[in-house]
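Trainee: Below is the sequence, then the predicted model.
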Amino acid sequence: GQSLEQPSEVTAVEGAIVQINCTYQTSGFYGLSWYQQHDGGAPTFLSYNGLDGLEETGRFSSFLSRSDSYGYLLLQELQMKDSASYFCAVRDRSSGSARQLTFGSGTQLTVLP
Amino acid sequence: EAQVTQNPRYLITVTGKKLTVTCSQNMNHEYMSWYRQDPGLGLRQIYYSMNVEVTDKGDVPEGYKVSRKEKRNFPLILESPSPNQTSLYFCASSPGGGAYGYTFGSGTRLTVV
């Protein structure tokens, strides 16, 4: 089976940088994704890492180390609107068929003024 | 507008009364998936589909059925709902998973009394 671990809560101030870590255990690993979800809303796709290294999309960056089964989401120049839950998710293969996304429990980010 | 449409948004029902939550996407995506979200547990996959007539169980399939007779539709059926199926449900679609990410519907909040 799969398991993902990420911190349950993170707090930071506006303008700061915050890193949300994710460690995973899975078989047939394909890639690590990150999603953002505001209260009561639908998750929205932020980034995907299929290979080791850093992917940058504006203020958000995501990193993957497959040898360490570890990744992180880096949010820079934090804004109040970044207050939300952030989920890491692995795409893996099991039982001979392509499985889809398995999500972590989420990290609640609170940005303070 | 490219979107995933779920209906209804809110539903209160009684134990044992069969119900269907509809999901439709207008992006010609091959992959579709159902998730349930409960506090502290993140998003757990119920069923997924890689194409028409191809479906497979996710992590929590018990008590649910799905069908994929057309590419755009992926209804979730609860034959005999029970209170432990009270949850927030999301349908999602993707052209191929991974780097493409999933587009989520707005969610269906189901209460079974």
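Mentor: Ah, there it is.
Trainee: which residues sit in contact with the residue in chain A that chain B sits nearest to?
Mentor: As assessed by CB to the nearest CB, chain B sits closest to A:F45 within chain A, at 3.0 Å. All C-beta spots, glycine's among them, are computed from the backbone N, C-alpha and C. With contact set as CB atoms under 8 Å, 6 or more residues apart in numbering or on different chains, A:F45 has these partners: A:33-35, B:101-103.
Trainee: from the residues you listed, which single one is nearest B:E62?
Mentor: Sorting the contacts of A:F45 by how near they are to B:E62, with CB to CB, puts B:Y102 at the top with 22.9 Å.
Trainee: B:L43 in helix, strand or coil?
Mentor: Using DSSP: H, G, I helix; E, B strand; the rest coil, the structure places B:L43 in strand.
Trainee: Equivalent analysis for the one 4 residues further on, please.
Mentor: For B:Y47, the reduced secondary structure class is strand; criterion used: three-state DSSP.
Trainee: How many residues are close by it?
Mentor: Here the number of neighbours of B:Y47 (other CB atoms under 10 Å in any protein chain shown) works out to 23.
Trainee: And for B:V14?
Mentor: Residues lying near B:V14 (other CB under 10 Å) number 11.
Trainee: show me what contacts it?
Mentor: B:81, B:112-113.
Trainee: Next step: the residues you listed restricted to helices.
Mentor: Under the assignment DSSP state H, these contribute nothing to helices.
Trainee: For those residues, could you give me a markdown table that also reports pLDDT and neighbour count?
Mentor: Shown next, in a markdown table, are these (pLDDT from 0 to 100; neighbours: other CB atoms under 10 Å in any protein chain shown):
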| residue | pLDDT | neighbour count |
| --- | --- | --- |
| B:P81 | 97 | 22 |
| B:V112 | 97 | 20 |
| B:V113 | 97 | 9 |
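Trainee: Which strand residues bridge B:L11?
Mentor: Counting by DSSP bridges, B:L11 forms beta bridges with B:L110.
Trainee: Would you mind naming what in chain B lies close to chain A?
Mentor: Counting by CB under 8 Å from any CB of the partner chain, the residues of chain B lying close to chain A are B:31, B:33, B:35, B:40-45, B:48, B:50, B:56, B:58-59, B:90, B:92, B:97-107.
Trainee: State the helix or strand in which the residue of chain A closest to chain B lies.
Mentor: strand A:44-49 (DSSP states H and E).
Trainee: Restricting to C-alpha, output that strand in CSV.
Mentor: Extracted as CSV, the C-alpha positions of strand A:44-49 are listed here (Å, rounded to 0.1, in the frame of the first residue of the first chain):
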residue,chain,number,x,y,z
THR,A,44,-6.7,22.7,-7.4
PHE,A,45,-3.5,21.3,-9.0
LEU,A,46,-0.3,23.2,-8.2
SER,A,47,2.6,21.1,-9.4
TYR,A,48,4.0,17.7,-10.4
ASN,A,49,7.5,16.2,-10.0
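Trainee: Fine by me, thanks again.
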